[in-house]
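In: I would like the atomic coordinates for the input below:
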Amino acid sequence: QVQLVESGGGLVQAGDSLRLSCAASGRTFSTYTMGWFRQAPGKEREFVATIEWSGTSTYYADSVKGRFTISRDDAKNTLYLQMNSLKPEDTAVYYCAARRGIMGITTTLYDYWGQGTQVTVSS
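Out: Numbers count the residues shown, from 1 in each chain. Model prediction:
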């Protein structure tokens with residue numbers, strides 16, 4: 001089992017950057033495939049990015065490709081999401097999630113979730 005705690009959200013202007021972190025408990029973080037999802041008010045939770053347990057493969061939603069970068073530091077049990085060139089439509093609560101196995105882009109594939117961190121991008 002793994003517990004996840006996100007941090008790093010905030011209020012920024014369009015074009016700014018933010019880096020989200022997701023701290024994981026336990027000594028098995030390196031065995032989990034990790035993902036970032038987001039949920040805007042009135043919308044369903046949507047996939048943002050995922051990184052395989054080995055760290056060698058990543059995958060992004062088209063809406064963030066080229067702007068966001070997912071990475072992990074297994075020595076620190078931490079997942080990151082570097083967000084550049086932020087847009088107002090990136091405003092949402094961002095969640096990290098963990099699962100065993102290959103990368104996935106649907107929420108139902110993930111077993112563990114953090115509480116979320118708010119990102120607000122003003123125009």
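In: C-alpha from now on. contacts and neighbour counts both.
Out: Will do.
In: which ones are touching the nearest residue to residue 45 once chain neighbours are set aside?
Out: Excluding its sequence neighbours, the residue lying closest to residue 45 (C-alpha to C-alpha, 6 or more residues apart in numbering) is residue 39, at 4.3 Å. The neighbours of residue 39, taking C-alpha atoms under 8 Å, 6 or more residues apart in numbering as the test, are 45, 46, 92, 93, 94.
In: my read: the second one touches residue 37, true?
Out: Yes. With contact defined as C-alpha atoms under 8 Å, residue 46 counts as touching residue 37 (5.4 Å).
In: mind showing which ranges of the protein have poor pLDDT?
Out: Scanning the chain for pLDDT under 70 picks out no residues.
In: now with 80, please.
Out: Within the chain, the stretches with pLDDT under 80 are 26-27.
In: can you tell me the centre-most residue of it?
Out: Residue closest to the mean C-alpha point of the chain, counted by C-alpha atoms, centre = their mean, is residue 36 at 2.4 Å.
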